[in-house]
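> This is a predicted model, with the sequence first.
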Amino acid sequence: MFIGTIFIQVIVPILLLVVIGAGLQRKFSFNLRGISNLITYCLMPAAVFINLYETEIDGQVLLEIIGYLVVFSVLLILVTGFLSKILRLEKGEAAIFKNSISLINSGNYGIPVSQLLFQATPLGISIQIIVMVFQNILTYTYGLYNLIAATKSGWEIIKSLLKMPVLHAMLLGGLLNGLHVPIPGFLWTPISHLSDAFLAIALILLGAQLAQIQIRTIFNRTIIVSSIGRLVIGPAVSLLLIFLIGLDGIVAQSLFIASSFPTSRNSSSLALEYDVCPDLAAQTVLFSTILSGITVTFIVYISTILFV
């Protein structure tokens, strides 16, 4: 019953939106680059701004979690760099591969899972929000750098990063949150509407990308290894780090579960935006999301044994 509940309430809604996007693309042949621009320059910044503006957490717990997340991310980055060299991937493929393991779907996947698991423990949900915010920052710094560096170099990379509206949204949201600046209703309402539209349109775009892909091409070495890295190696690194740091209870359980989520959907949107192996990125997101129905359930079960 528990396994079925997770699958029906979390995985199925995501896959339904992806299927809708695939069906619409086959019928109408959308301009995917235009939709990608809409997400990158409008919907995504609104969602990130609201997430940062609304997040509240105890200072001590926040520092503890951030410390873990920084070390965890650095370890994954080192692992992905090592694996990409072993696989001898080309520059663009290497960028997608590194992002597929380091960047986690902590938003539209992680938040629903946490809400389901920690209904009686608000701290568990708050921790997942922190993880999501951190992943947003990692996505639009390290992840974005990987994609831009695959096609540009030097000062061009810095200029491209500074032009990204999502970075401005992160800074503004964090600043207004820290200063407790109220936002007038006539501004908050349209921003909220844009944020609400982000998830559905982003998943529909993913489905539209996948509609142009032959399913048999998913089963290749890069996608399989990256999915193993995200769904197996990621949680293994997390568990080792949790034991080394000495975390326990809800904090340890939440962070361990958060490490098991599939590849970030944002990595696919950004790959399309910068035209860096977008098909490979979309395939990786799809494959890891499907497999996560099994692996996440297993990690949740292990976490209840180890930390509760």
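Thanks, I have the structure now. The model shown is predicted, which means the values in this text are computed figures rather than measured ones.
> from what I can see Lys259 touches Ile233, true?
I think there's a mix-up here, since residue 259 is Ser and not Lys. No. Applying C-beta atoms under 8 Å as the test, Ser259 and Ile233 come out as separate, 9.7 Å apart. In this view, the C-beta of every residue, glycine as well, is placed from N, C-alpha and C.
> And those two? Which one has more around it.
Using other C-beta atoms under 10 Å, the more surrounded residue of Ser259 and Ile233 is Ser259, with 26 against 19.
> ok, and the closest non-adjacent residue to the more buried one?
Closest residue in space to Ser259, ignoring its immediate chain neighbours: Ser238 at 3.5 Å, by C-beta to C-beta, 6 or more residues apart in numbering.
> buried set for whichever strand or helix holds that neighbour?
Taking DSSP states H and E as the definition, Ser238 sits inside helix 234-245. Buried positions in helix 234-245, judged by neighbour count with 16 or more other C-beta atoms under 10 Å: 234-235, 237-239, 241-242, 245.
> hey, where'd the helices end up in the stretch 1-150 of the chain?
Per DSSP state H, counting those that start in this stretch, the stretch 1-150 of the chain carries helices over the ranges 2-6, 12-28, 32-38, 44-54, 59-87, 91-102, 110-117, 122-138, 144-149.
> between those helices, which gets nearest to Ile290?
Closest to Ile290 of those, according to C-beta to C-beta: helix 12-28, at 7.7 Å.
> circling back to that earlier point, quick one: distance of the helix holding Ser238 to the chain centre.
Mean-position distance between helix 234-245 and its chain equals 19 Å (C-alpha atoms, centre = their mean, to the nearest Å).
> Over to stretch 170-180?
For stretch 170-180, the distance to the chain centre is 22 Å (C-alpha atoms, centre = their mean).
> Okay, now the unreliable bits of this protein?
Confidence mapping of the chain against pLDDT under 70 gives the ranges 1-3, 57-58, 152-157, 160-161, 214-218, 308.
> redo that, cut-off 50
Residue ranges of the chain with pLDDT under 50: 1.
> quick revisit: name the helices or strands packed onto the helix holding Ser238?
helix 59-87, helix 249-258, helix 278-307 (3 or more C-beta pairs under 8 Å, 6 or more residues apart in numbering; DSSP states H and E).
> Can you check which of those gets nearest to Gly21?
helix 278-307 (10.5 Å).
> one step back: using CSV, list the CA coordinates for the helix holding Ser238.
C-alpha atoms of helix 234-245 as CSV (Å, rounded to 0.1, in the frame of the first residue of the first chain):
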residue,chain,number,x,y,z
GLY,A,234,24.1,9.6,-4.8
PRO,A,235,22.3,8.0,-1.9
ALA,A,236,25.4,5.9,-1.0
VAL,A,237,27.5,9.1,-0.8
SER,A,238,24.8,10.7,1.3
LEU,A,239,24.6,7.9,3.7
LEU,A,240,28.3,7.8,4.2
LEU,A,241,28.5,11.5,4.8
ILE,A,242,25.5,11.4,7.3
PHE,A,243,27.4,8.8,9.3
LEU,A,244,30.7,10.7,9.2
ILE,A,245,29.1,14.0,10.3
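> Identify the residues contacting it?
With contact meaning C-beta atoms under 8 Å, 6 or more residues apart in numbering, helix 234-245 is reached by 67-68, 71-72, 75-76, 79, 101, 104, 252, 255-256, 258-260, 295, 299, 306.
> what's the answer for stretch 84-94, then?
So stretch 84-94 is contacted by 97-98, 150-151, 221-222, 225, 276-277, 280 (C-beta under 8 Å, 6+ apart).
> give me the element Pro190 is part of.
helix 185-210.
> Okay, angle between that helix and helix 12-28 too, please.
70 degrees (axes from the mean of the first three to the mean of the last three C-alpha atoms, to 10 degrees).
> Could you list every helix and strand in contact with helix 185-210?
helix 12-28, helix 32-38, helix 44-54, helix 265-273, helix 278-307.
> Any buried residues in the third one, and which?
Neighbour-count burial for helix 44-54 flags 44-53 (criterion: 16+ other C-beta under 10 Å).
> could I get these as JSON lines with distance to Lys91?
Formatted as JSON lines, these follow (distance: C-beta to C-beta, whole Å):
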{"residue": "Met44", "distance to Lys91": "25"}
{"residue": "Pro45", "distance to Lys91": "28"}
{"residue": "Ala46", "distance to Lys91": "32"}
{"residue": "Ala47", "distance to Lys91": "30"}
{"residue": "Val48", "distance to Lys91": "27"}
{"residue": "Phe49", "distance to Lys91": "32"}
{"residue": "Ile50", "distance to Lys91": "35"}
{"residue": "Asn51", "distance to Lys91": "31"}
{"residue": "Leu52", "distance to Lys91": "32"}
{"residue": "Tyr53", "distance to Lys91": "36"}
